[in-house]
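Asker: sequence unknown, structure follows:
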């Protein structure tokens, strides 16, 4: 029995709307008076639910969908319990991080979500054996699961420090960045690339560089972690390895784009202008992200980047919104997993505009911070952008979940 993909993706869109709601509330609290919730608690709830309730949930559903399309008579419904367990953990973190911050219940749900990810990883690796080795998505998915598992080591060390009350600031921040790196540069990125390779139906036999690209990103992902902690006094040999890793990723990505332009230029001709725009948007954002990574290896730039909070926030949102979130929305609608209407198109377009404006305002705020110049009404502008993001995904989610009498065509 196959998994009901459309049903579970409706949860994805609802969860993204909740993430946007929390983001809007946090922006309101910064610019205006709203004393009823602790800002730090909201931030923890927002980030944990975004990772587990939106991105991880959606990746699990789409990876199961991929197997259902490639393996004859694949029993995707066996993942139903794993998906439900992950959602229970996600909603538990959503509620209890708001109530207590890092407390007994929120940590319990967070730990349980890690265990669920282990169970999913074990089952999915077993099922990947059913795939032909010529499908390159197989390698990307294996690596994604590996990085998802090792990312949990960062959370376990954080839990250890909290339990022992033995806080060392550098180790605390390093553990947070360790977890974040192997989530968004490991689990999220590699799983998304697996979906992209599947969407474009790219195979090893089609071009030699496709497998080489995977290997380059795989071997560079672990040393690329040190890009997140360049503010520490790293040994020169480790710094050199980090620079090489960042250079490798830039080369691999742009070489891949050149090959696609040569061989698959016409593959998206049958898709609507919106899909082409979103894919171009995501590709451009990923290109900027990889170039920024490489630029951060310059000590002066690194000090500026890590020294100003708006820059860090802009970088994280570049990855999580402009790259991962927009790609997942593209994948869902381009594959007709949820039927798209003109109203949904307007919602996705509005959301993408909000993502762009969010990056622009945060980038300008960050650059202005270099000279300690305060931009007037910047918090109000960011709150307005948060409203646009909320309305965009609200429009998208509502008309995607709403029942329609007839399935509209693209």
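Answerer: Perfect, I can see it now. Predicted, not measured: the structure shown is a model, and the values here were computed from it.

Asker: In the stretch 301-410 of the chain, where is pLDDT below threshold?
Answerer: Along the stretch 301-410 of the chain, the model assigns pLDDT under 70 to residues 301-308, 403-410.

Asker: mind listing what the closest residue to residue 174 other than its chain neighbours touches?
Answerer: Residue nearest to residue 174 in three dimensions, not counting chain neighbours: residue 229, with 5.3 Å by Cβ to Cβ, 6 or more residues apart in numbering. To be clear about C-beta, it is placed using only N, CA and C from the backbone, and glycine gets the same treatment. Listed by Cβ atoms under 8 Å, 6 or more residues apart in numbering, the contact set of residue 229 reads 173-174, 177.

Asker: Give the buried residues for stretch 232-242.
Answerer: 241-242 (16 or more other Cβ atoms under 10 Å).

Asker: got the contact list for it?
Answerer: Contact with stretch 232-242 is made by 170, 174, 223-224, 226-227, 230, 297, as judged by Cβ under 8 Å, 6+ apart.

Asker: and which of those is nearest to residue 57?
Answerer: residue 224 (25.7 Å; Cβ to Cβ).

Asker: got a list of what that closest one touches?
Answerer: Under the criterion of Cβ under 8 Å, 6+ apart, the neighbours of residue 224 are 181, 185, 242, 245-246, 249, 293.

Asker: same thing but at 7 Å, please
Answerer: By Cβ atoms under 7 Å, 6 or more residues apart in numbering, residue 224 lies in contact with 185, 245-246, 249.

Asker: what does residue 116 give?
Answerer: 82, 85-86, 89.

Asker: That one: what secondary structure?
Answerer: Under DSSP: H, G, I helix; E, B strand; the rest coil, the three-state class of residue 116 is helix.

Asker: Check the gap between it and residue 363 for me.
Answerer: 36 Å (Cβ to Cβ, to the nearest Å).

Asker: how about the helices of the stretch 301-410 of the chain, start to end?
Answerer: Ranges of helices in the stretch 301-410 of the chain, per DSSP state H, counting those that start in this stretch, are 309-317, 326-334, 342-370, 378-401.

Asker: Tabulate these (JSON lines), appending mean neighbour count and distance to residue 206.
Answerer: Formatted as JSON lines, the helices of the stretch 301-410 of the chain follow (neighbours: other Cβ atoms under 10 Å; distance: least, Cβ to Cβ, whole Å):
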{"stretch": "helix 309-317", "mean neighbour count": "17", "distance to residue 206": "33"}
{"stretch": "helix 326-334", "mean neighbour count": "23", "distance to residue 206": "20"}
{"stretch": "helix 342-370", "mean neighbour count": "19", "distance to residue 206": "30"}
{"stretch": "helix 378-401", "mean neighbour count": "20", "distance to residue 206": "33"}
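
Asker: could I get these as a markdown table with distance to residue 134?
Answerer: Shown next, in a markdown table, are the helices of the stretch 301-410 of the chain (distance: least, Cβ to Cβ, whole Å):
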| stretch | distance to residue 134 |
| --- | --- |
| helix 309-317 | 36 |
| helix 326-334 | 21 |
| helix 342-370 | 33 |
| helix 378-401 | 34 |
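
Asker: Shouldn't residue 166 be within a strand?
Answerer: No - using three-state DSSP, the assignment for residue 166 is coil, not a strand.

Asker: So what's the gap between the helix or strand where residue 99 lies and the chain middle?
Answerer: In this structure, residue 99 sits in helix 80-100 according to DSSP states H and E. Here the centre of helix 80-100 is set off from its chain's centre by 18 Å, with Cα atoms, centre = their mean, to the nearest Å.

Asker: now swap in stretch 15-33 and tell me
Answerer: On Cα atoms, centre = their mean, the centre of stretch 15-33 falls 19 Å from the chain's centre.

Asker: May I see the buried residues of it?
Answerer: 15-29, 31.

Asker: which residues does residue 289 contact?
Answerer: When contacts are counted by Cβ under 7 Å, 6+ apart, residue 289 is found next to 318-319, 323.

Asker: Kindly report the same for residue 217.
Answerer: Counting by Cβ under 7 Å, 6+ apart, residue 217 makes contact with 249, 252.

Asker: Begin at 40, not 1, for the rest of this chat.
Answerer: Will do, 40 is the new start, and the previous item becomes residue 256.
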